[in-house]
Every structure is written in structure tokens, then in C-alpha cells.
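S.K.: from the sequence below, what's the structure:
(2 chains)
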Number of protein chains: 2
Amino acid sequence: MEYLKLPGEIRVEDKEDRIMSGSNKPSSGQKGGLEPPGPGENPHTDLSRVYSKDLLPTAGGESLTCKFFQELVNILMDYIFKSNERSSKILDFHHPHQLKEGLEGFSLDLPDHPEPLEQILVDCRDTLKYGVKTGHPRFFNQLSSGLDLVGLAGQWLTSTANTNMFTYEVSPVFLLMEEVLLKKMQSIVGWCEEEGDGIFCPGGAVSNLYSLLVARYDFYPEVKTKGMCALPRLALFTSEHSHYSVRKAAAVLGMGSDSVQVVPCDERGKMISRELDSSIAEAKAKGLVPFYVNATAGTTVYGAFDPLTAIADVCDRHKLWLHVDAAWGGGLLMSRRHQGKLQGIERASSVTWNPHKLMGAPLQCSAILIKKRGLLQECNQLCAEYLFQSDKHYDISYDTGDKTIQCGRHVDVFKLWLMWKAKGSEGFGSQVNKCLENAEYLFKQLQRRADFKLVFESKPEHSNVCFWYLPPSLRGLPPGPDTNRRLHEVAPQIKAKMMEEGTTLIGYQPLGSNVNFFRCVFSNPATQHEDVDFLLEEIARLGSNL
Amino acid sequence: MEYLKLPGEIRVEDKEDRIMSGSNKPSSGQKGGLEPPGPGENPHTDLSRVYSKDLLPTAGGESLTCKFFQELVNILMDYIFKSNERSSKILDFHHPHQLKEGLEGFSLDLPDHPEPLEQILVDCRDTLKYGVKTGHPRFFNQLSSGLDLVGLAGQWLTSTANTNMFTYEVSPVFLLMEEVLLKKMQSIVGWCEEEGDGIFCPGGAVSNLYSLLVARYDFYPEVKTKGMCALPRLALFTSEHSHYSVRKAAAVLGMGSDSVQVVPCDERGKMISRELDSSIAEAKAKGLVPFYVNATAGTTVYGAFDPLTAIADVCDRHKLWLHVDAAWGGGLLMSRRHQGKLQGIERASSVTWNPHKLMGAPLQCSAILIKKRGLLQECNQLCAEYLFQSDKHYDISYDTGDKTIQCGRHVDVFKLWLMWKAKGSEGFGSQVNKCLENAEYLFKQLQRRADFKLVFESKPEHSNVCFWYLPPSLRGLPPGPDTNRRLHEVAPQIKAKMMEEGTTLIGYQPLGSNVNFFRCVFSNPATQHEDVDFLLEEIARLGSNL
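M.R.: Sure, this is the predicted structure:
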């Protein structure tokens, strides 16, 4: 099927019709080793006879380029349509060895000689066929799901512009958009006009790494030249439910993962602020120097919000850097109904916020916001004059390349900027509300069913809902280690079947003393109540004989 | 103009024509606050009346989705065509304050309320209008240039698939493609079947950071938990012409930039291996512990290749980790004619290689290759069970999320894989040869002109050519500080004019004792000799009255 043909009602402008004029030109693209096209065959449309080198910039390649992209876009539109059809499979699972053997001619091998464009399009179709439809309304597996079409348009444009966020010289518009977005996000966080700096990063783990890097530099600027050996033994604090990237960053930055003090949480997964306080005292007693606290606004599994105000009080008292990892929870700031859950975030020295999660921006789109202006630049700049010339004729403060630990940096801002234009702040708000309503709906369904059990009984604060499925054989068994051992095996078995069937997808994990349980998250506004119902029915169906 | 309409010769499949069936359905997307469409108006085609929320997944949004993407693709194709027209401007320069003021209604501000889709498309057009055409055959400003259309197709598909390289569960095909690409690149580097590991990273600076991180871990695994304080004072070595990211990584990793020992280069910018040897001895004498040498295969400015074999000998003698930063020069490995320039690279413990540079893959596409298998995983894994479940039903060795310092990771491999299918290894080879031929052509033109002066007289080894323009007022002046001072100002002045005119774009910088000079690099296969001629004429024209 072809989606990108002209329906009758669409106006046709014939002036400057480059496709037609292109196809009147002789094709420069015929291979020496190929037979010439037969009578009536058009070399431009028979993609089995032409190669990538016949596309632009090859002279006369306009027509073929149009044709190739038309076919490509048809494949992509087909995929988008299928992703939105509830009846289509989310995945057509194959084990690694099966895919490597080459299914139905889909070979992953890299050839010495070129393949014709027709085969390239077949490869595109196959790649999508064996992939996972993360935009499907019944895909609940990751914090990032859904496929925002304006965001996608933004990505296509970004790829076409093919530049990077290095200097104003090569990215004037995108660098200004980054500034506008960062300022907006900072004002939403609650920082005043004079405060705020930041940068978009390749993912939340890198944003969290930046927070630790910049905090360390703020306390000990000598670390940049002299390294950790010049510093006292540092301690940083994060909750047991926080993202592992904080510990990873401590290892990468040469602090060592032992410098991370893990603070206990309550049963909902929220850091206990007085435990933080005693953990700090303990570290000091051991001769360590506390400098940094990571509070999580929206934990990965439970969706818990640490008590930011209480934690900020502790940080003030001990003069510590407060970082808020709102990678997952930051989206709630867009909703008047839910933003109160992040109260206190304005007191943070830095914030991670991933619009590619709850706000639905395509991957990747993550911001690190830093309250103190100039610190990021000071911390990272090396002033390589051969890359950042100071004698340019424009305002070089937009040459952000030296603020980062990257050099070239992908343009992650345009899609978000375009989505913001298309939805407005209010559009993001209602999208977030919808995701949280779905979570409440799921919560209510679970409350009233006997074959499921909630991991905790209180209403979800974020869009995470955690639960066990109790197969018939486990219902009514007394709680205890034996039941738990059997319950632990239920979720992986159901997940394995679910992947084979491909009708829906949800994640599971153990956490602390809780054996394997399902975690459902909602970040795709395409999901409706019927999809939530389907998920539960499907789990019950797949688990009925366990 | 519309590029994506159907030329007469393209077959039309009417079965399952979703556009038409879509447009027969009643539109659920009409805004309450908007007037209903008048008689004869089709709500689906009047993009000034519809919003992003009328697109899919909204029921009945298929037709509008097609229409929106059709218009978008027309804008993008228009841009691609213009980028390939030599007569079109590369940039329409505006200062930051001008763009921020809102040129011709192009406002960067983020609204509270949504804008109609028509405005979104206008925003797309404006974004491209004020940006820089990095695919233009006369854009010589960065190591990454050109716009490979199969690579672009790969990017569009990647964006549409919208997944990440976290686990096999969500990226089965892309993770296998990454493995295939890494193995291929490792075998091209010259490692044997049993050797080789790696990962694709967000840029060469991050790849270089990985090399240092993994090398440190290999010598001192305790660093992961205990940090730099548990280690002796380390020293690493890199040449004065190497990329600044090595020094930046040392600062980030907590080694401190002082741990970087800068090794002198010869006049061509190649590290002098006996200087490395004495630098190592000196460091040892100071009580430092040498552990890592970065050799550059293709320096940023001169395009110089460090003598890898001699450096590998030094590393062997001292038992040091040899990293080869072939971010820029790695592409030469694809060419039988030029691969010899990297002889010795097979002795490296790790290699950075950016296919987004000379090989023309769209941004970003950078690989870190590590010879010793398993090290990357050991170095970075934290085994967060709540993210990487060990009781899955498939081979979890493909769950690479814990190998990285990121968590989510953008899919950077598909575009490269698709380009490889479309060109074959031999296609990359001829593309690389072409870029280097252009450099030789420029070199020859400069040799025979009196108004230009080469920074060094020998034939370029890579596609970098460095030169001064001598305006009439400076020709024939005796060399000396006064002439140099005046010459230093020539390139920035010409560059400023060049940006205002927008006909071509080239970078300049000072380096060592050389005052500001132009650096031309070729990585866009669209560039022809006529473009090289144009560049020189344009510089001469813009500089004629200096």
C-alpha cells in the first residue's frame, strides 16, 4: 500500500515539478555491469537496478531520490499505522541465534559490494518487522513509550539538518532553542531569572553524572587539574530506590562506588530524611566529607517522590549540594494537578529532567539544569583555541561545545521545541494527567480483583503501578518463604510467554524483600482503559495454568 | 512545490488505501473552540484548523497524519535539493540577538496554547532557513559534512522505531547490528576473531573517555569501588596536536588534567616517539606511574598520523595501554590505497573510530573498540537487578545497558549498517579516496598560486589542507612578528565576511607558533574540483582589499 500518494482533495502545484523534470533527464546512474533498461522500463522507478550512488548528490538524482524517500516514507507510515492498531503484535520475538541465522532472507551481514536500493528498502521493512513497537498502546515495558508524531517530525528534520551543538557557527537556531528550552524548564522548576544554566545530554545517567561532576568542582575546583588525590575522602548520599546511575557516576568520576552512602526508604520507596541526617553524621564520624545528596523525584520502579523539602532542609543544615533526579518525575511539573508532588525542587542546586520519558519526546532528550550560572563552563572548559576561536565576529557565548564533556553533541532539542509549539505547556499538562489517570484506573482494577495483589495499597503518586499476579495454584496459600519462592517465578514465566505472543509487554523485577513483581508504567497517551483491561486479562490468561 | 506526489509512471495500489478510507471517517479532531469547516472545506487538509492532537493516535487521524508528513517531507526534500544546489547559500547568517527578536514572524518562544499544524510546518521551514546547510558541497567547516541519503533514511527509520540500546527485549535487531558492525570494524582494525569488544557512543570525546576509563580499570580494578585515592599518581601521554577530549576525560575521571603529559610533535604534527619515551622516563622520575598513551590517527587540524608502530613499541617496552584515537583517520582503513597510513593500529588496546566523520554517516556515530573482551562490562556493570533481570528466557549477553556509562542509549548503529548494505565496503573505500583526491587537488592549486601559502609543503596524508591567504598588502613582506601579527587577522576577517555572504564555509585557527590559518577538510563526496576552485576564488575575493 502507498500512503504518500496524493488523495484527490489535495491541491497539486505543477510549477517547479522537480520529479517530472528530473525524470526527463538521462539517468547518470546506470551501472556498467547492469543491463540497460528494456523498452518501457523507467530506470528511475525500477529500484532493483539502481544503487545509493545514483541518488543525490549524483547529477540528475533528484527523481530517484524522491522515489526512494517516497517508498521509505510509505514503509514508515505503514509501521506507524500498525503501531497504532491494537490488534497488531508489539513484537515478533526471535532469539538472537535465530535472527543471526537470517530469517526469510533478512541477513545482518555487511557486504563488500553494494546492494540495490530495492534491497535497502526490504532491509528497512525487515528491521521494523523484527523490532519492538514501542509506540503501541499496549507497550508498558519502559518509562519511555509512545510515538509523538510532531516529535517524530522534529527528529526527521534534525536528521536532515545533520549538524551538531558545537558552535553557533554550525547550529545557530538549535543553540538558541536550547537556551529557550532550558530557561523555560528552569522557570518551571522555580528558579529565578538570574539563576540557571544547563545543557541537554545523551540520557539521564549522563545528566546525573554532570550533577556530580559540577558539584565536586564547585566545592573543590582544584580537582580539575589535580584529580581526586588532592581532595579529602568524599561521601555522597542517595536512597536505596534511586537510579543506579548515581553510583555508576561515582565510579566513573574516580570517587569510587564506596563513596556512595545508601539511605533507607520507607515502604513506598521514599527516602527517609532523618535517615539521611544520621547517615551524614555517620559518614562524618568515619572521617568522610559529605558534599552531595541525590533526591529522586519519581523512582524507577515505585514512582516514589522523595520528600524534597525535608531533604533540602538537611542539605542546608550540612551545606551540601542537593541534586534532584527528576528524570522520570519532572514531567509532573507540567501538570497543575500533580506538580505539588515535587514541592521543594526549587531548592535544588541541580535537576535532571528527561522530556523523553513522561513528556513523550522521542529518544533521547534529557536536560541537566544547574542553578549556579557559569559553573558548567568553568568545570569543563579547556579553551582549545584550535576549536573555539575567540576572535570570531559574533557573540561566542553560544559556542557551548566547551561546556560539555562531549565535543560534538547531537541536536536533541528541536523535537522538544517543536512539540512545545504544537501542544503548548497546557498540552503537556493534559498528556501527563492522562497517564496518571490510567495509573489510577489500573490501581482501581487491581484493588477489586482477587487474582492480583498490589505491592502497596496506597494510590499511585506517579504513573507506576506495581503488582503480583497470583496464579490459581498460589491463591490462598499462607504467606511465607515457600509461597514467595514460587511467586518469584511467576512473573518471568508470564513475561517469557508474553514475549512469544507479542500482544502486550510489561516489565518485572524484584526489589528489596519483594520477590518478582510486575511494574506497569504509563507514558504513552495512546493508551486507553481498554488497554489496561487487556493487560490484566492477558496476564491472567498467560498465567492461568502456573 | 510538492515533491512527494505520484509521477505518472508509479504504480498505484488501491487496496487498503488508508488515506481515502481515513478521510471518509468523521473527524474526531475538530476543536470545540473552532468553527466547523464550511461547505466544500475538508477538515483534513486545512492544516490551519487542526492541531497535533488530531494526529494519530487520535481515532481517525490516519488521513491527517499522512497529510502532515507529506507536507513535512516536501519541506525536507526541498531542503535536500537546495543543499545540493551550488548556487544556494550555505547559511543566511543572523546574530543571536536578531534571531531572538523573531525574524519575519519566526518566534522561538514556547507557547502555553497549541499552534495549528500549519504553523508547525512554517516553524520547520524557518528552522531550516536560518540554519546551516552542512550537506552543501561547499561546506568545508567541520570534519563531519555531507548528507548521505541512505544514512538519512536510516536515521528516519531509527527515529520512527524510537527505542534504545538498553536490552535485547526492546532492541533485538539493533543490538545484533551493533555486534555485527563492531566485529567488522575490529577485523578491519586487524584484531583476531577471539579479540574485540566495544560499544557505540555519543561522539568521539566519549569514546576517548571510555578508553581511559577501561584502561584505568584494567590496571587498577579497585578504582571502581575505592576511587582514585587507592591508586598511585598516574600519568598518561598524548601529543600536543591530539584532541582536547583526552585531557578533558582525565579531568572528568578524577585523574586531573595535570596527569596528562603532552608529548611534542614534529613539524607535520606527528608525535615524536622518542620524545614519548623520554616523557615516560621523566614521569617515572617524578614518581608518577605511566599507564596509558593516546596516539592520534588523523589529528583535527593537520590530519597527521602518529607513528603507530614506533609508539606501540614504546608502549610494549613500558607495558602501557595504547589507545589510538582514529576518530577522524579511521575512515582511511576502508581504502586499500590509504589504509597503510594506520599501520600498527592492530597493536592498540583500544581504538576510537567515528563513522560520522570521513565515512559520512549522519551525526552521531562513534565507536570505541576494546581489544580485551569482557573488560567494558566488568568496568561498568553494577548489576542493578531491577533493570537487568537475570531470569529472562533469552540470552541476556545482549542486554548491553550495563556495559555503558549511559543507561538508555540512542540507536546510532542502524544508519551505518544500512549505508554499509547500500555501498558495501568498497563503496566506503571509493568515497574515502575521493575525499583524499580533493585534498590533493587543493594542495596542487595552492602550490601554484602566489596569493596562498601552505602551512607545510608536503603532500597531505589525510583530507586536511592548511594554508594562509596572503592579501595584496602582505605579499612580499619579510617574515617576522609584524607580518605574522597582521597575517593573524586575515583569516578571521575573511571568515566574518564569508559567514555574512554564505556562499562557502571554512574554518580557521592558530596552532602552536602558526598564526591563524585556514583548514580545509573534505568529507563530503558531493564536493568536486569546481568547488575547491570556488573556495580559493572566494577567499581571494573576500580578502582582496585587506
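
S.K.: so the residue in the stretch 251-400 of chain A that chain B sits nearest to, which of the three states?
M.R.: Residue of the stretch 251-400 of chain A nearest chain B, by Cβ to the nearest Cβ: A:Gly254 (2.4 Å). Any C-beta I mention is one placed from the backbone N, CA and C, and that applies to glycine too. Three-state call for A:Gly254 (DSSP: H, G, I helix; E, B strand; the rest coil): coil.

S.K.: same deal with A:Gly427?
M.R.: Per three-state DSSP, A:Gly427 ends up helix.

S.K.: what stretches of the stretch 301-450 of chain A score poorly on pLDDT?
M.R.: Under the criterion of pLDDT under 70, none of the stretch 301-450 of chain A is flagged as low confidence.

S.K.: what about 80?
M.R.: A:384-388 (pLDDT under 80).

S.K.: for B:Ser211, see how far away the residue of the stretch 251-400 of chain A closest to chain B is.
M.R.: Separation of A:Gly254 from B:Ser211 (Cβ to Cβ, to the nearest Å): 15 Å.

S.K.: ok, A:Phe305 next?
M.R.: For A:Phe305, the distance to B:Ser211 - Cβ to Cβ - is 39 Å.

S.K.: briefly note if stretch A:381-396 comes near chain B.
M.R.: Yes: shown here: stretch A:381-396 in contact with chain B (Cβ under 8 Å from any Cβ of the partner chain) through A:Leu382, A:Ala384, A:Glu385, A:Tyr386, A:Leu387, A:Gln389, A:Asp391, A:Lys392, A:His393, A:Tyr394, A:Asp395.

S.K.: pretty sure the residue of the stretch 251-400 of chain A closest to chain B is touching A:Gly227, no?
M.R.: Yes: here A:Gly254 reaches A:Gly227: they are 7.0 Å apart, a contact under Cβ atoms under 8 Å.

S.K.: where do the strands sit along the stretch 201-350 of chain A?
M.R.: Under the criterion DSSP state E, counting those that start in this stretch, strands of the stretch 201-350 of chain A are mapped to A:234-239, A:260-263, A:289-296, A:321-325, A:350-353.

S.K.: just confirm yes or no for the third one near chain B.
M.R.: So the one you mean is strand A:289-296. No: Strand A:289-296 stays clear of chain B (Cβ under 8 Å from any Cβ), getting no nearer than 12.0 Å.

S.K.: which bits of the stretch 401-546 of chain A sit near chain B?
M.R.: Checking the stretch 401-546 of chain A against chain B by Cβ under 8 Å from any Cβ, the hits are A:405-411, A:414, A:417-427, A:489, A:492, A:495-496, A:499, A:505, A:508-511, A:516, A:525-526.

S.K.: what segments of chain A are strands?
M.R.: Using DSSP state E, the strands of chain A run over A:139-140, A:197-201, A:234-239, A:260-263, A:289-296, A:321-325, A:350-353, A:366-370, A:452-454, A:465-469, A:505-511, A:514-520.

S.K.: among these, which is the most enclosed?
M.R.: Comparing the strands of chain A by mean neighbour count (mean count of other Cβ atoms under 10 Å in any protein chain shown), strand A:350-353 ranks first with a mean of 31.

S.K.: other SSEs contacting that strand?
M.R.: Using 3 or more Cβ pairs under 8 Å, 6 or more residues apart in numbering or on different chains; DSSP states H and E, the elements in contact with strand A:350-353 are helix A:172-189, helix A:204-219, strand A:321-325, strand A:366-370.

S.K.: residues in contact with the residue of the stretch 101-250 of chain A found nearest chain B?
M.R.: Nearest to chain B, among the residues of the stretch 101-250 of chain A, is A:Gly227, at 2.9 Å (Cβ to the nearest Cβ). Residues near A:Gly227 by Cβ atoms under 8 Å, 6 or more residues apart in numbering or on different chains: A:Gly254, B:Met228, B:Ala250, B:Gly254, B:Met255, B:Gly256, B:Asp258, B:Ser259.

S.K.: nearest to B:Val132 among those residues?
M.R.: B:Ala250 (32.1 Å; Cβ to Cβ).

S.K.: isn't that closest one right up against B:Ser259?
M.R.: Yes: contact criterion Cβ under 8 Å: B:Ala250 and B:Ser259 qualify, at 5.4 Å.

S.K.: show me which of the residues of stretch A:381-396 next to chain B are buried.
M.R.: For the residues of stretch A:381-396 next to chain B, a neighbour count by 16 or more other Cβ atoms under 10 Å in any protein chain shown gives the buried set as A:Ala384, A:Tyr386, A:Leu387, A:Gln389, A:Asp391, A:Lys392, A:Tyr394.

S.K.: what is the burial count for A:Ala281?
M.R.: 12 (other Cβ atoms under 10 Å in any protein chain shown).

S.K.: A:Phe534 now?
M.R.: As a burial measure, A:Phe534 scores 17 neighbours (other Cβ under 10 Å).

S.K.: model confidence for it, exactly?
M.R.: In this model, A:Phe534 is scored at 98, pLDDT.

S.K.: go on, A:Leu474?
M.R.: pLDDT at A:Leu474 comes out at 96.

S.K.: now do A:Leu276
M.R.: Listed pLDDT for A:Leu276 reads 98.

S.K.: cool, and the one 3 residues further on?
M.R.: In this model, A:Ser279 is scored at 98, pLDDT.

S.K.: just the one 3 residues further on next, same as before
M.R.: Predicted confidence (pLDDT) for A:Glu282: 98.

S.K.: no further questions, thank you.
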